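>>> What would the 3D arrangement of this be:
(one chain, ligands or ions: 1)
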Amino acid sequence: MTNILFVTTSPRGADSLSTKVAQTLLDDLEATHPAARVVTRDLGTDPLPHLGPDLLGGFFAPEDARTAEQKAAAALSDDLVAELKAADIVVLASAMINFTITSTLKSWLDHLARAGQTFRYTEDGRPEGLVTGKKVYVVLATGGIYSAAPGDAFDFQAPYLKHMLGFMGLTDVEIIRVEGSIFSPEAAENAVAAATAQARTVAQQAEAA
Ligand SMILES: Cc1cc2nc3c(=O)[nH]c(=O)nc-3n(C[C@H](O)[C@H](O)[C@H](O)COP(=O)(O)O)c2cc1C
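Below you'll find the model as predicted:
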């Protein structure tokens, strides 16, 4: 059975273009993996807590010294790590807000980056990702255009996301961009159509693989 983790992050609800294209990709993947089990995290409407003293205590305090609050905070992080580790495929819809990922997606990453669980440092000090062997599809929605100059110099979304995912071992990342939607309704329509076509193609490739 294939496990798919579907993560959406837009604060724009039903207007979200990243969710729309990612949903098409998910539907196509489900069609080609009929027995797939899908776990959904809608971080835009159901955000995670930010890092705070209880969560950090839960991460770093010795297990037998943790308070009830620290244990509860760490339990949520443990669940998120388990969801990620159980996934064969991750479909991640990322809205650009102020040149980068949403704060809700950042919070998800903050819950996942756990020393000894999702990454470790080797004896010679190199970081090593521990969540390997997964395919990740990232649908990025941006008002402007960041796939080429001059916008690419201000893309603090895709490079950061790729780095953080890779840091945890998720190196097989395919990016689909819904970009340039801000310029006109037609531009938005074209951006969605192009990204949807790309999503359909990558889903077919996943079937062939
Ligand atoms: C509060 C806010 C900030 C935004 N900041 C940027 C930005 O810095 N650069 C950009 O190109 N688009 C920006 N946008 C436009 C969004 O990236 C665009 O609407 C995108 O489609 C959002 O993803 P979504 O459709 O999945 O919600 C912003 C939109 C909002 C609502």
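>>> Any idea which residue is closest to the centre of this structure?
The chain has Leu92 as the residue nearest its centroid, 4.0 Å off, counting by Cα atoms, centre = their mean.
>>> What is the helix or strand that residue falls within packed up against?
Secondary structure assigned from DSSP states H and E places Leu92 in strand 89-95. Judged by 3 or more Cβ pairs under 8 Å, 6 or more residues apart in numbering; DSSP states H and E, the packing partners of strand 89-95 are strand 3-8, helix 17-32, strand 135-142. (Glycine included, C-beta is placed from N, CA and C.)
>>> Among the ones you listed, show me which one is buried the most.
strand 135-142 (a mean of 25; mean count of other Cβ atoms under 10 Å).
>>> Parallel or antiparallel, which strands does that one pair with?
Paired neighbours of strand 135-142 in the sheet (DSSP bridges): strand 89-95 (parallel), strand 172-179 (parallel).
>>> between it and strand 3-8, how big is the angle?
Angle, strand 135-142 to strand 3-8, by axes from the mean of the first three to the mean of the last three Cα atoms, to 10 degrees: 10 degrees.
>>> and strand 135-142 with helix 17-32, angle?
Going by the same axes, to 10 degrees, strand 135-142 makes 150 degrees with helix 17-32.
>>> Pull the number of nearby residues for the residue nearest to Pro11 when sequence neighbours are not counted.
Nearest residue to Pro11 in three dimensions, chain neighbours excluded: Gly44, at 5.2 Å (Cβ to Cβ, 6 or more residues apart in numbering). For Gly44, the count of nearby residues is 21 (other Cβ atoms under 10 Å).
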